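K.L.:
what's the 3D shape of this:
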Amino acid sequence: MIDAATERIVAHVASLPDQPAHELTNADAIARSLAEALPEHGTELDEVLDLVFERAAPVGFNTAGPGYLAYIPGGGLFHSAAVVNRYVGVWVAAPGLVQLETNVVRWFAEMVGLPPDSQGMLTSGGSLANFSAVATARTARLPADFLRGTIYVSDQVHHSVAKAAMLAGFPAERVRMVPTDDRFQIRLDLLAQRVHEDRRAGLLPFLLVASGGTTNTGAVDDLSGLADLAAEHGLWLHVDAAYGGFFALTDRGKVALTGMERADSVTLDPHKGLFVPYGTGSLLVRDGDALRRAHQVGAAYMPVMQESAAFVDFCELSPELSRPFRGLGVWLPLKLLGAATFREALDEKLDLARAAADGLRRILEAVNRRKRVYLTSTTTRGQVLLRICVLSFRTHRDRIDACLEDIRASVSEISVG
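P.N.:
Residues are numbered from 1 along each chain as shown. Have a look, this model is predicted:
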C-alpha cells in the first residue's frame, strides 16, 4: 500500500508546476458523481487512488501549485507530508475533496440514526465538537442576551462540556451538574426537578448534554428518557458520544445507544471508535440551518458561498476557516475496508470488554510491572477502579488473556506475600 501510494504522491507533486492553477469545469457534476452511500464492503486500493488523484483532487483551486496567487496559497512542504494540500474550507476551492468529506459526515449521520439532511463537520476532536454544539444550541434556543441560559449535565460528563460553556460565554454557575444513579446514569427525576426550579427562578433552561459512553466508566445515559424530557421542556439535546457513539454500528451498541437518533446534535470521535489517527473528531447537527446560523460570518475577500443544499462550505459550519483535509483520513479507511470491517472490529471490542469485566479483580502496580499490558485507575464515589480501555484495532483476545493472567498472578503474589 505504501509503495502504491508513494508512486501516486511523487507523480502528483512532480506535476504541480504543470497543473492548471484552477479547474472548475463541470465542478458541480464531478462533485455530485462522488456522492455515495456508506460502503459496506471494501474497494481495491488502485481504484480508490484513481478516484482521489484523477477525479477528486484535480477539480478546484490548485493551492499547492506555483500559479495559485489568490486568497492565501498553501505550498504544502513535502517534508511535512501535506501532499495534496488542498484547501477544503470552502466548496469552490476543492469541490471533489469537499464531497468526499461530505460523504463522511452523511455516513456518520446514517450510523447514529440522524436524518440524511443533517449537517456537520469534522473537527480536531470531541472538545471542539462540543464547543460548536453549545454555541449552536445557544444561537438556536436563546435570545441575544443569553446569560440566563442554563445547561444540564451529569456528574460524569466530560470536562470539555464545562470548558465549552465557558468559552461560549456562560458563567460557571449556569452549568447544572445533576447526580447520577448506581449505574452512573444521570437521574431523570432530579434533572426534571432542577429544570422546574430554574424556570421558576426566571432562568432559561435550553441545553441538556447526555453521555453516550463516559470517560470514567463507559456509562451510557438513558437517552430515550432524556429525549422525552428534552421534548417536554423544549431543551436542545446534545449527546456527547465521542467515546461510544460508533458502537451504534453493532447490534449491541445500537440497543445501548437507543435514543441517540432523537438528539439535536451528536459528538463522535473517529480517532476513538474508528481507529483513525488523533486529530479527527466530528459534530453532527439535525438542523443544518441552526449550525450555519451559529457559525456564518461573511467577508469581502471570501468567494461566493454555496446555496445548493447538495454542497457544503465547511467554513460556514465550523469555527475554522483554515483547516486540514480531515475527510481523507476517514473516507479512505471506510472506502478501502468497508463498514462491515469496522462493525466486526467493534463487536470484538465489546466481547473483549466483557471478558475483562468477567475476569477482573484488582491490583494495578503488580500488573503494570510485567509490562505486557498497561492499566490505569479511576476514582468514582470514593471507590478506586481499574480501567481497561479496549479500543485499539491492534488489541485482540490474546492481549486480554495476557492481561487477565497478569492480574491473577498479581493477586496470587500479593496473597502469598
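K.L.:
drop to CA atoms for contacts and neighbour counts, all remaining ones
P.N.:
Noted.
K.L.:
and the longest strand along the chain, what does it pack onto?
P.N.:
Longest strand of the chain, by residue count under DSSP state E: strand 204-211. With contacts defined as 3 or more CA pairs under 8 Å, 6 or more residues apart in numbering; DSSP states H and E, the packing partners of strand 204-211 are helix 126-141, strand 149-154, helix 188-200, helix 223-233, strand 236-240.
K.L.:
Could you identify which of those is most buried?
P.N.:
Ranked by mean neighbour count, the helices and strands packed on strand 204-211 are led by strand 236-240 with a mean of 28 (mean count of other CA atoms under 10 Å).
K.L.:
burial measure for residue 371, as a count.
P.N.:
Neighbourhood size, residue 371 [other CA atoms under 10 Å]: 11.
K.L.:
re the thing from before, parallel or antiparallel, list what pairs with the longest strand of the chain.
P.N.:
strand 149-154 (parallel), strand 236-240 (parallel) (DSSP bridges).
K.L.:
Out of those, flag the one nearest residue 396.
P.N.:
Across those, the minimum distance to residue 396, taken as CA to CA, is reached by strand 236-240, at 26.9 Å.
K.L.:
That closest one: what's the following helix or strand?
P.N.:
Proceeding N to C from strand 236-240, the next assigned helix or strand is helix 251-256, under DSSP states H and E.
K.L.:
who does the helix or strand following that following helix touch, helix- and strand-wise?
P.N.:
Beyond helix 251-256 in the direction of the C-terminus, DSSP H and E gives the next helix or strand as strand 265-268. With contacts defined as 3+ CA pairs under 8 Å, 6+ apart, strand 265-268 has these neighbours: helix 126-141, strand 236-240, strand 281-285.
K.L.:
Check which helices and strands the first one sits against.
P.N.:
Translated: helix 126-141. Using 3+ CA pairs under 8 Å, 6+ apart as the contact criterion, the secondary-structure elements in contact with helix 126-141 are helix 159-167, strand 204-211, strand 236-240, strand 265-268, strand 281-285, helix 288-295.
K.L.:
Return the first one as PDB; C-alpha atoms alone will do.
P.N.:
Output in PDB follows, covering the C-alpha atoms of helix 159-167 (Å, rounded to 0.1, in the frame of the first residue of the first chain):
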ATOM      1  CA  HIS A 159     -15.000  18.200  31.300                       C
ATOM      2  CA  SER A 160     -14.800  19.600  27.800                       C
ATOM      3  CA  VAL A 161     -18.500  20.400  28.100                       C
ATOM      4  CA  ALA A 162     -17.900  22.800  31.000                       C
ATOM      5  CA  LYS A 163     -15.000  24.300  29.000                       C
ATOM      6  CA  ALA A 164     -17.200  24.700  26.000                       C
ATOM      7  CA  ALA A 165     -19.800  26.500  28.100                       C
ATOM      8  CA  MET A 166     -17.200  28.800  29.500                       C
ATOM      9  CA  LEU A 167     -15.800  29.600  26.000                       C
END
